[in-house]
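**Student:** turn this into a model:
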Amino acid sequence: MTLHPVVAAVTARIVERSAPGRRAYLDLIERERDSGVDRPNLSCGNLAHGFAAAGEDKAVIRDGKLMNIGIVTAFNDMLSAHQPYGGYPDRMKLWAREAGATAQVAGGTPAMCDGVTQGQRGMELSLFSRDVIALSTAVALSHGMFEGAALLGICDKIVPGLLIGALRFGHLPTILVPAGPMPSGLANKEKQRVRQLYAEGKVGRAELLEAEAASYHGAGTCTFYGTANSNQMMMEVMGLHVPGAAFINPGTKLRQEVTRAAVHRLAKIGWDGEDYRPIGRVIDEKAIVNAAVGLLATGGSTNHAIHIPAIARAAGIIIDWEDLDRLSAAVPLIARVYPNGSGDVNHFQAAGGMGYVISTLLDAGMLHEDILTIWQGGLRAYAADPMLAGDDLAWQPAPAEPLDDAMLRPVANPFQPDGGMRLLKGNLGRATIKTSAVDPARWTIEAPARVFHDQDDVNRAFKAGELDRDVVVVVRFQGPRANGMPELHKLTPPLGVLQDKGFKVALVTDGRMSGASGKVPAAIHITPEALGGGPLAKVRDGDIVRVCANTGELTVLIDEAEWNARAAATPPPPPIGTGRELFAFMRHTADGAEQGASAMLAGAGL
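**Tutor:** Just a heads-up that it's a prediction; the model follows:
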């Protein structure tokens with residue numbers, strides 16, 4: 001296999017740019033392994049506290065000769081994707097004993113549901129919950145009681161937060177343990193149809209709630225291809241899962257055995273064995289590029305334009321939107337999962353899933369095969385599907401061809417020749433646009449602006465008929481420093497209605513869109529943000545704004561001298577209520593979206 005020249009060039013660019021930070025990081029994890037806090041260095045009092053409640057594992061942990069696995073769990077039973085984790089720790093302790101190890105719950109992290117908070121005030125805590133999760137993970141692992149870590153998390157900010165925290169303990173072998181998607185319910189496309197009817201006032205709340213409940217109907221990850229399922233895809237192409245673990249439904253024998261294999265594998269890759277695989281070396285520049293390639297090839301969530309840079313920084317690596325843009329131009333779109341297609345992740349799995357995706361991308365030279373994964377065999381071992389042979393776990397090669405070409409295609413015959421995530425630049429700053437679900441006829445929108453400072457005001461204007469025209473809806477003061485950079489997915493139904501009426505419509509914002517954002521062109525994550533001097537603060541109602549994914553343009557069409565002389569709009573007051581005021585210190589010091597929008601990483605000098 002010869003690596004694609006663009007993938008090779010972008011990787012080399014990242015390696016060169018990251019060299020000082022990566023060297024410092026690798027030096028750190030070597031020091032932490034040799035002289036950091038671990039069980040042999042704990043005092044008797046420290047150690048006694050650590051095993052006091054360990055039950056039947058107490059003597060083994062006290063003896064200190066076998067690996068003790070720290071379980072960091074994001075369990076709660078309000079979040080459907082994480083509800084299955086409730087019973088995991090007890091089972092994982094049994095499986096650890098089978099492998100000659102022990103396990104303890106090192107700590108828990110918050111796990112908010114963006115689906116519950118979407119369009120509500122709580123969404124303004126969402127992005128910064130990633131930093132809180134990273135901090136919680138660091139607290140959990142700080143006790144020095146563990147020689148390996150199992151991270152239990154799936155959803156939007158949770159996996160990036162777990163990874164960022166774990167990477168600061170990069171000397172520990174670490175495996176991500178998913179729980180799988182819920183079985184398919186009401187088709188996502190039908191759910192979206194009912195949402196648009198509700199936005200138009202053609203159905204009531206009872207009909208809308210019935211549709212939503214039929215879609216989100218049980219335990220497991222939501223079945224659309226948003227940020228949560230994009231997380232699982234990335235963990236596979238980075239080699240942090242047991243191969244094929246991403247999209248097996250909860251409560252099945254296969255899911256149980258894959259989780260058991262994760263625990264057994266952790267026991268084999270500790271620093272006292274012959275196959276030491278610390279997470280700080282598993283996640284390197286090549287793994288980060290693999291994550292970006294997988295994201296683009298499958299039409300994944302735009303939220304990862306923020307998360308990938310943040311994860312990389314925690315490992316001493318710097319990736320920017322230029323890198324993503326260059327990769328997007330070379331990596332073809334080979335999957336169509338809702339909202340980019342009609343089928344959900346269960347259909348994607350049945351069509352060949354991650355095994356096929358990894359196989360075809362490897363064969364085309366689009367992924368780095370020679371990465372250190374948690375599993376033996378490099379990334380090629382992930383071009384396979386787990387199965388049960390009787391009661392035993394085994395793997396079979398991924399299908400040579402997709403089993404449903406409406407869901408998956410080979411690299412040689414893709415849905416689109418590029419990855420559908422573009423960098424936009426112009427006098428409004430830098431932004432991301434996802435085109436994979438947008439009709440190419442709508443990749444260029446030029447229309448008068450209507451400016452808002454709150455998404456609820458957009459909905460009020462829509463209901464009043466004020467947006468029934470060609471329009472670029474500008475929603476500003478939604479960046480990390482303004483209000484925490486909430487997702488604005490609540491705007492998708494009304495903007496979709498306007499588009500379906502035949503109007504030219506686009507969204508321009510320094511906020512985020514949901515990972516499930518779809519058919520409306522949206523220039524998002526604008527940086528620098530409006531608060532603090534970003535040019536988005538200068539836009540006025542009626543200005544002609546041009547959004548063009550074909551040329552990578554994000555421009556307000558106005559005389560340069562007039563634009564430079566124009567004053568910025570007055571920002572709204574700081575948000576208060578629903579705990580938002582407690583996050584003011586994060587808002588005040590967060591860096592830009594392209595760097596990962598993190599106060600924590602900025603404050604740490606990473």
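**Student:** list the buried ones in whichever helix or strand residue 312 is part of?
**Tutor:** Residue 312 belongs to helix 304-314 when assigned by DSSP states H and E. For helix 304-314, burial by neighbour count (16 or more other CB atoms under 10 Å) applies to 304, 305, 306, 307, 308, 309, 310, 311, 312, 313, 314. Just so you know, the C-beta spots here come from the backbone N, C-alpha and C atoms, and that holds for glycine as well.
**Student:** equivalent analysis for stretch 455-464, please.
**Tutor:** Going by neighbour count (16+ other CB under 10 Å), the buried part of stretch 455-464 is 455, 458, 459, 461, 462.
**Student:** what's the neighbour count on residue 52?
**Tutor:** Per other CB atoms under 10 Å, the neighbour tally for residue 52 reads 10.
**Student:** quick one: residue 206 from residue 196, how far?
**Tutor:** Computed as CB to CB, to the nearest Å, the residue 206 to residue 196 distance reads 17 Å.
**Student:** same deal with residue 487?
**Tutor:** Taking CB to CB, one finds residue 487 at 18 Å from residue 196.
**Student:** neighbour count for those two, which is higher?
**Tutor:** Neighbours per residue (other CB under 10 Å) separate residue 487 from residue 196, with residue 487 holding more: 29 against 17.
**Student:** what ranges does the stretch 1-150 of the chain have for its helices?
**Tutor:** 5-35, 44-51, 58-63, 88-98, 114-117, 126-141 (DSSP state H, counting those that start in this stretch).
**Student:** which one of those helices has the poorest average confidence?
**Tutor:** Among the helices of the stretch 1-150 of the chain, helix 114-117 carries the lowest mean pLDDT, a mean of 90.
**Student:** pull out the buried residues from that one.
**Tutor:** The neighbour-count check on helix 114-117 (16+ other CB under 10 Å) flags 114, 115, 117 as buried.
**Student:** in the stretch 401-550 of the chain, which spans are helices?
**Tutor:** Using DSSP H, counting those that start in this stretch, helices in the stretch 401-550 of the chain cover 455-463, 480-483, 492-500.
**Student:** could the ones you listed go into CSV alongside mean pLDDT?
**Tutor:** Formatted as CSV, those follow (pLDDT from 0 to 100):
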stretch, mean pLDDT
helix 455-463, 96
helix 480-483, 97
helix 492-500, 92
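**Student:** same list, the ones you listed, but as CSV with distance to residue 372 please.
**Tutor:** Output for those, formatted as CSV (distance: least, CB to CB, whole Å):
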stretch, distance to residue 372
helix 455-463, 43
helix 480-483, 33
helix 492-500, 40
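**Student:** residue 237 contacts residue 382, correct?
**Tutor:** Yes - with contact defined as CB atoms under 8 Å, residue 237 reaches residue 382; the gap is 7.4 Å.
**Student:** related to what we said a few turns ago, just checking, what packs against the helix holding residue 312?
**Tutor:** Helices and strands touching helix 304-314, as assessed by 3 or more CB pairs under 8 Å, 6 or more residues apart in numbering; DSSP states H and E, comprise helix 126-141, helix 158-167, helix 227-237, helix 285-298, helix 321-330, helix 599-603.
**Student:** what's the spacing between the third one and its chain's center?
**Tutor:** The offset between the C-alpha centroid of helix 227-237 and the centroid of the whole chain comes to 7 Å, using CA atoms, centre = their mean, to the nearest Å.
**Student:** now do the buried residues in stretch 411-431.
**Tutor:** Buried residues in stretch 411-431 (16+ other CB under 10 Å): 411, 414-416, 418-426, 428-431.
**Student:** show me these that map onto strands.
**Tutor:** In this view, those that belong to strands under DSSP state E are 421, 422, 423, 424, 425, 426, 429, 430, 431.
**Student:** which residues are in contact with the third one?
**Tutor:** By that I understand residue 423. By CB atoms under 8 Å, 6 or more residues apart in numbering, the contact list for residue 423 reads 321, 322, 324, 325, 430, 431, 432, 552.
**Student:** contact partners of stretch 50-62?
**Tutor:** Residues outside stretch 50-62 that contact it (CB under 8 Å, 6+ apart): 39, 42, 47, 66, 68, 93, 97, 102, 103, 104, 143, 145.
**Student:** looking at the residue lying closest to the first one once chain neighbours are set aside now. What's its pLDDT?
**Tutor:** Put plainly, it is residue 39. Counting by CB to CB, 6 or more residues apart in numbering, residue 39 lies nearest to residue 64, which is 5.0 Å off, once chain neighbours are set aside. With respect to pLDDT, residue 64 has a value of 91.
**Student:** equivalent analysis for residue 164, please.
**Tutor:** 98.
**Student:** same check on residue 210?
**Tutor:** 87.
**Student:** do the one 3 residues further on as well
**Tutor:** Residue 213 is assigned 80 on the pLDDT scale.
**Student:** tell me which element it falls in.
**Tutor:** Per DSSP H and E: residue 213 is located in helix 205-215.
**Student:** what pairs with the longest strand seen in the chain, parallel or antiparallel?
**Tutor:** Of all the segments assigned as strand in the chain under DSSP E, the longest by residue count is strand 444-452. Here strand 444-452 has these sheet partners by DSSP bridges: strand 471-475 (parallel), strand 544-548 (antiparallel).
**Student:** residues in contact with residue 208?
**Tutor:** By CB under 8 Å, 6+ apart, residue 208 lies in contact with 194, 195, 198.
**Student:** picking that back up, I'd like the strands paired with strand 444-452 laid out as TSV, including mean pLDDT and distance to residue 346.
**Tutor:** Formatted as TSV, the strands paired with strand 444-452 follow (pLDDT from 0 to 100; distance: least, CB to CB, whole Å):
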stretch	mean pLDDT	distance to residue 346
strand 471-475	98	33
strand 544-548	98	34
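**Student:** deepest of the ones you listed, which one?
**Tutor:** Of the strands paired with strand 444-452, the one with the most neighbours on average (mean count of other CB atoms under 10 Å) is strand 471-475, at a mean of 25.
**Student:** show me the contact partners of it.
**Tutor:** Under CB under 8 Å, 6+ apart, the answer for strand 471-475 is 445, 447-455, 458, 467, 488, 491, 495, 498, 503-509, 511, 536, 539, 545, 547.
**Student:** try it again with 7 Å
**Tutor:** Outside of strand 471-475, the residues within contact range by CB atoms under 7 Å, 6 or more residues apart in numbering are 445, 447-452, 455, 458, 488, 495, 503, 505-509, 511, 539, 545, 547.
**Student:** buried members of these into PyMOL, please.
**Tutor:** Entered in PyMOL, the line below selects the buried ones among those, by 16+ other CB under 10 Å:
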select buried, resi 445+447+449+450+451+452+455+458+488+495+503+505+506+507+508+509+511+539+545+547
